[in-house]
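>>> Let me see the structure of the following:
(chains A and B)
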Amino acid sequence: MRKIFGLITLFIGLFFVYFLSTSQNIGGKPIPPLGKLLNPYSGAWQNVEKVDRYADFELKSEHITDEVKIVFDDRMVPHIFAQNLKDALFAQGYVEAYHRLFQMDLSTRSPDGKLSEILGPNLLDYDKKQRRLGLSYAADNAVKGWSKFPDELANLDAYTAGINHYITNLSVANYPLEYKLLDFAPTEWTNRHSALLLKAMTQTLAGYEEDIEMSNALLMLGEQDFNTIYPDRNLKDIPVTEGPYKKRVSPTVTELISTNLPSISRPRSPDGVGSNNWAVNGSKSATGMPILANDPHLGLSLPSVWYEIAITTPAFSAQGVTLLGMPGIMIGFNQNIAWGETNVGHDVSDYHTIEWTDASKTAYMLDDQIVKATLKIETYNVKGERETYDTVRYTHWGPVVEDDMNLALRWIAHDEAPTPDFMAFVNGMQCANYDDYLTSTADFYAPAQNFIYADNKNEIGLRINGALPIKDYRQGVTISSGNKTFDGWKGIIPRDENPQERNPARGYVSSANQYSAAEDYPYYYNGNFEPYRGRTVHKYLSGKDTVDVNYMKMMQNSTFSMFAKEALAVMLPLLDSTNAIHAHAMGLKRWDYHYDANSLNPVRFDKWFAAFHQLLWDEIYTQQDQVALPNPDVWVTVNFIEKNPYSKFYDLKSTVKIETLSDLINQSFRQIRDDTISSLAEEKNAQILHLTRLAAFSKLDIDVGGTKHSLNAMQQKFGPSWRMIVALGDTPEAYGTYPGGQSGNPASPFYSNKISTWAKGEYDRLILSPTPQSISNPLFTLSITHEK
Amino acid sequence: MKNSLLFLLLFVGTISASLLLPWWIIAPLAAVLTYNFKTAPIAGFFVSLVAVLLAWLLSIYVIDDGTVALLMGKLFEVSDFAAPLIASLVGGIVAGLFGLAGSFFAPKNNTAK
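Residues are numbered from 1 along each chain as shown, chains lettered A, B, ... in the order given. Predicted coordinates for the structure are as follows:
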């Protein structure tokens, strides 16, 4: 009898051990392996980091040739001291993995379509979309291209070896917390992972296209109204480079294609991703030497997007931020120069129609010939489920993203870069003058960026680095024909002809995702451009004779909205007498157009404008449940009402009455008049979520102002991810701040410690330290020595 | 007396064995010890449960400075005080079940209390 009880108990016990050692899904709720996660000896408790326990340690590796010292300063920023570049990059790879391994893993799984492997079936759809967009194919192409440059590749190999040194020596107890929670193990890093990361960045920054929606709009509106509501250019904008350029004569005009198609639900770049950068030269700066500022606006996350790092070899000493998984410093400075980037909104993603020869969709017509499509079978190993498969058809143009649409995607991300493009940030950080910097960054392929530069020889400059396609006039505004190879891009603009400026007479260079060049630029381009921040930078810089670091701090934190100012200049005077004396209107009349955290006026304005915008373009918004149409831009609305006191668009289709502009403005005001208005911070509910979106590891309710059109472009989840200001001179005086912390470990005191500084608009001083001894109050030192 | 020794061995054994072996080492440990000690089932269950629970709790107390307790508390929506207790209970229950099984399998010992 006892034996039977014993057996029963034993089985229950074994079941418990199994249950507690494996991930479970109970009623759709994922349950981590509780035994693994919660035991004190290899579970979450091992991830604690006590400040007083940091201690120096040593490593040996066959991959380095000389001794490397890495000193972690009191902000946990690693300062790498190496005798040569490859050793330094090995160390960079090591420290990035040391602090951010899970983040690096997850952010390469997203483009690779492998999130469902660790997060389960809910992510399968997302994975499929990513693979159908051809991101893993793009990474394979990148690696293929890189293999042609063995000398440069040796640098990436060193970096990869550093990451793997960390991974291979990692014990289960020391796995980052998220691995324990999601119950998987880190795998070897390869150069392909870095390629995936570059592709993910290209997706975020150069994934924009609205081809299908635009084609639908063209069919519905006709060409004249289409051009009114979706114009190519905002003529009020001040482009990044002012030329003058030599205009090309009579370019070929593309025929736009009208369609009536459902929209593709694609993972696309979110609204509000963008950045600011500017640099003044000595004639405009308080120090007599250039000052450069840069702040990229991205989806904010924990661990933070960026990782601060300093690298010193006998040849150079540089500091700044790096994108985890890519060697070099992306935005930073060295003894002599400072650099940074903002995104370029050119449309580098075009859909082409495919004419299949039959229903099997295995061959299609191109240049009147039958061409076979390449079928790629994608395999998904979904966590807790069987393998599933998906077939993606590849054509001359690229992958057919959705089979029933018969549209193939031509996207710059798929190209095999003709250059070792990953070297741009490795070479860039070592430069001492602008010519070197131009050469170093010329290889950068995608996503195209406004690379800004300043140095202590009083040079400033800005050039777009990246591949910009040569297009016919209006090519890529809608879907393009795919019948002829001639329907595609006509090559890539030669790098020397990319928009650029060097030491312009106005004394500064700047960019904020606006148009790259005025209409005289010899190549046609279209895309997604920011209408207000660029002009706001000009307003601040041209309006002041001498600027200093504090002025630039003020600029970066400015919540002034030129959009609100221009819109209200038309809207407020048109309010009728009842509306004009309402508290919302009175508040807005006194408003200084700043999106301050505790102000009600930004919320009043945003709600009112949104209601008005919907009424004005009722032609579009009332049709969107029938057909996929692009949202008209807000700048189109503002420019339109400034210029047109009367227009057929003011009439509401749903009423018999013929409405006027003033009717729409008053009607939209009445719609929001009784709304309870809370402060901007409450309305915005800014938050920085952990990559897994787990609230326990996230920071919620952050009290910040800002809007996507102000220089402090803080929205709910997007915003300034790294604010840097560098005053150049004999030694650079640099400042930086970002919403996160150096460590990716949610249990580390350096996980989210910088958020409050950043939210307050304050900065840390960034001190370039030429020797390990010059770093004050280091937390600990890591020494790496050569091992045979 | 025997139960106290069992407790002590389990407590020390849990901490030392877990440093090298997977977390579930507590299961065979509890079963083997209660089997060899010929512990009565009720005692086998409770002594194993309490010994491992306390071993884990003490270990957590030594290892953590409260940060992980706070995180785990948020994650499982319990207080940061409860989190280490719940974690230790996980170990305790597993050990208790195997302690019980071990004592069931052991030949009856008339001298056992």
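>>> Every contact and neighbour count from this point should use C-alpha atoms.
OK.
>>> Now for residue 7, which secondary structure element holds it?
All of this refers to chain A. If you go by DSSP states H and E, residue A:7 is part of helix A:2-21.
>>> could you do chain B instead?
Going by DSSP H and E, residue B:7 is part of helix B:2-18.
>>> thought residue A:391 was touching residue A:376?
Yes. Counting by Cα atoms under 8 Å, residue A:391 touches residue A:376, with 5.6 Å between them.
>>> circling back: flag every buried residue along the helix holding residue B:7.
B:3, B:6, B:7, B:9, B:10, B:11, B:13, B:14, B:15, B:17, B:18 (16 or more other Cα atoms under 10 Å in any protein chain shown).
>>> Show me the subset of those that also lies near chain A.
residue B:18 (Cα under 8 Å from any Cα of the partner chain).
>>> Output the buried residues of helix B:2-18 as TSV; include the columns distance to residue A:90 and pLDDT.
Compiled in TSV, those are given as follows (distance: Cα to Cα, whole Å; pLDDT from 0 to 100):
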residue	distance to residue A:90	pLDDT
B:3	55	88
B:6	51	91
B:7	50	93
B:9	47	94
B:10	45	94
B:11	44	96
B:13	41	94
B:14	39	94
B:15	37	94
B:17	36	91
B:18	34	88
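>>> Of the buried residues of helix B:2-18, which is the nearest to residue A:261?
Checking the buried residues of helix B:2-18 against residue A:261 with Cα to Cα, the nearest one is residue B:18 at 60.8 Å.
>>> Hmm, residue B:25 and that closest one touching each other?
Yes. Between residue B:18 and residue B:25 there is a contact at 6.7 Å, judged by Cα under 8 Å.
>>> what about chain B, any weak spots by pLDDT?
Within chain B, the segments meeting pLDDT under 70 span B:109-113.
>>> can you list the residues of it near chain A?
Checking chain B against chain A by Cα under 8 Å from any Cα, the hits are B:18-19, B:22-24, B:27, B:56, B:59-60, B:63-65, B:67-69, B:71-72, B:74-75, B:87-88, B:90-91, B:94, B:97-98, B:100-105.
>>> Write a PyMOL command that selects only the buried members of these.
This is how PyMOL selects the buried members of these, with burial counted by 16+ other Cα under 10 Å:
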select buried, chain B and resi 18+22+23+24+27+56+59+60+63+64+67+68+69+71+72+74+87+88+90+91+94+97+98+100+101+102+103+104+105
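>>> For residue A:641, see how far away residue A:660 is.
Going from residue A:660 to residue A:641 by Cα to Cα, to the nearest Å gives 11 Å.
>>> nope, residue A:476 is what I was after
28 Å.
>>> neighbour-wise, which of those two wins?
residue A:476 (29 against 18; other Cα atoms under 10 Å in any protein chain shown).
>>> Would you check that that one makes contact with residue A:350?
Yes. Residue A:476 is within contact range of residue A:350, at 5.6 Å (criterion: Cα under 8 Å).
>>> Quickly list what's touching both of the two.
Listed as contacting both residue A:476 and residue A:350 by Cα atoms under 8 Å, 6 or more residues apart in numbering or on different chains are residue A:211.
>>> and the closest residue to residue A:350 other than its chain neighbours, how many neighbours?
Closest residue in space to residue A:350, ignoring its immediate chain neighbours: residue A:410 at 5.2 Å, by Cα to Cα, 6 or more residues apart in numbering or on different chains. Other residues lying near residue A:410 total 23 when counted by other Cα under 10 Å.
>>> next one: residue B:1
Residue B:1, neighbours per other Cα under 10 Å, totals 8.
>>> How about residue A:657?
Around residue A:657 there are 9 residues (other Cα under 10 Å).
>>> Checking it next. Helix, strand or coil?
Following DSSP: H, G, I helix; E, B strand; the rest coil, we place residue A:657 in the coil state.
>>> Which elements pack onto the helix or strand residue A:106 falls within?
Residue A:106 is part of helix A:85-112, with elements assigned from DSSP H and E. Under the contact criterion of 3 or more Cα pairs under 8 Å, 6 or more residues apart in numbering or on different chains; DSSP states H and E, helix A:85-112 touches strand A:68-72, strand A:78-81, helix A:124-132, helix A:135-146, helix A:150-168, helix A:191-206, strand A:306-313.
>>> How about the very next helix or strand once past the longest one and chain B, any contact?
Yep, that's helix A:150-168 we're talking about. Once helix A:150-168 ends, the next helix or strand along the chain (criterion: DSSP H and E) is helix A:177-182. No. Helix A:177-182 lies out of reach of chain B by Cα under 8 Å from any Cα, never closer than 10.0 Å.
>>> Right, I'll leave it there.
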